[in-house]
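Asker: Please work out how this folds:
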Amino acid sequence: MKFSTAFIGGGIMATAILGGMIAEGTPASQIWVVEPDAGTRRKLRTQFQVNALEMANQDLAFADLVIWAVKPQVFKDAARLVKTHTNKALHLSVAAGIGSDSISTWLGTDRVVRAMPNTPALIGKGMTALYARAGVNDDERELICQVLGATGELIWVKDEPQPNAVTALSGSGPAHVFYFLEAMVEAGESLGLTREQAYTLALGTFGGATALAAQSDEPPAVLRQRVTSKEEQHMRP
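Answerer: Prediction:
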């Protein structure tokens, strides 16, 4: 990837993305991270050898892509400090809950892509929905796919109202999975299994069931019925 990238914010999601970029061959020298926390800056320099800055400065003028990985409540103030240095860049936001209209207004550009990732992106198993404003061309869409490819699967949505649904489904969805895992483990323990045994069984059940669903031509309702039908119950020992 022959382009320069600036991250605004160096937290968990930024680390997942830049780690994937470096693993895919992007030189660390082409990555800048603006991160006010000194400890996080040291960690980024040590782990990835990237250029870590305390605040935005003229170095960001070299960035072809700016990735916004800040907390939603500080986005507007951060944009005010950054935009004077990045008026030629494409902007990608992974900040939750901030619409592209606001981002475009704050940054003074229509070259904005909004991404809705989920936490499995941290291990390359994420599901991310992407929305591009009219100012983003096909080559820039492809660039975004290259950058985020290492985080997992990607889909593009045509209309911005859809990302709110995406946030509710895949963005928050892992929390429901984890909660259900907790309940299954607790149920297993109450029935006499050890916590380790219950966790192994629950985790394997989720993994196997989702893998089966992914490979099957049948809808989830049919797969469920095959487990819960009286005929199948008679067949099980």
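Asker: Sheet partners, orientation included, of the lengthiest strand in the chain?
Answerer: Longest strand in the chain by number of residues (criterion: DSSP state E): strand 126-132. Strand 126-132 has these partner strands in its sheet, going by DSSP bridges: strand 112-116 (antiparallel), strand 152-156 (parallel).
Asker: So residue 94 versus residue 185, what's the distance?
Answerer: Going from residue 94 to residue 185 by Cβ to Cβ, to the nearest Å gives 31 Å. C-beta coordinates here come from the backbone N, C-alpha and C atoms, glycine included.
Asker: So the two - more neighbours on which side?
Answerer: It is residue 94, of residue 94 and residue 185, that has more neighbours when counted by other Cβ atoms under 10 Å, with 25 against 20.
Asker: now that one: how far from residue 38?
Answerer: Distance from residue 94 to residue 38, by Cβ to Cβ: 23 Å.
Asker: Kindly report the same for residue 18.
Answerer: Remark: distance between residue 18 and residue 38 (Cβ to Cβ) = 18 Å.
Asker: And for residue 57?
Answerer: Counting by Cβ to Cβ, the gap from residue 57 to residue 38 is 16 Å.
Asker: on that earlier part again, can I get the strands paired with strand 126-132 in CSV including distance to residue 11 and mean neighbour count?
Answerer: Putting the strands paired with strand 126-132 into CSV (distance: least, Cβ to Cβ, whole Å; neighbours: other Cβ atoms under 10 Å) gives the following:
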stretch, distance to residue 11, mean neighbour count
strand 112-116, 15, 25
strand 152-156, 18, 15
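Asker: ok, and what's touching the helix ranked longest in the chain?
Answerer: When the chain is parsed with DSSP state H, its longest helix is helix 195-215. Under the criterion Cβ atoms under 8 Å, 6 or more residues apart in numbering, residues 177, 180-181, 184-189, 193, 220, 223 lie in contact with helix 195-215.
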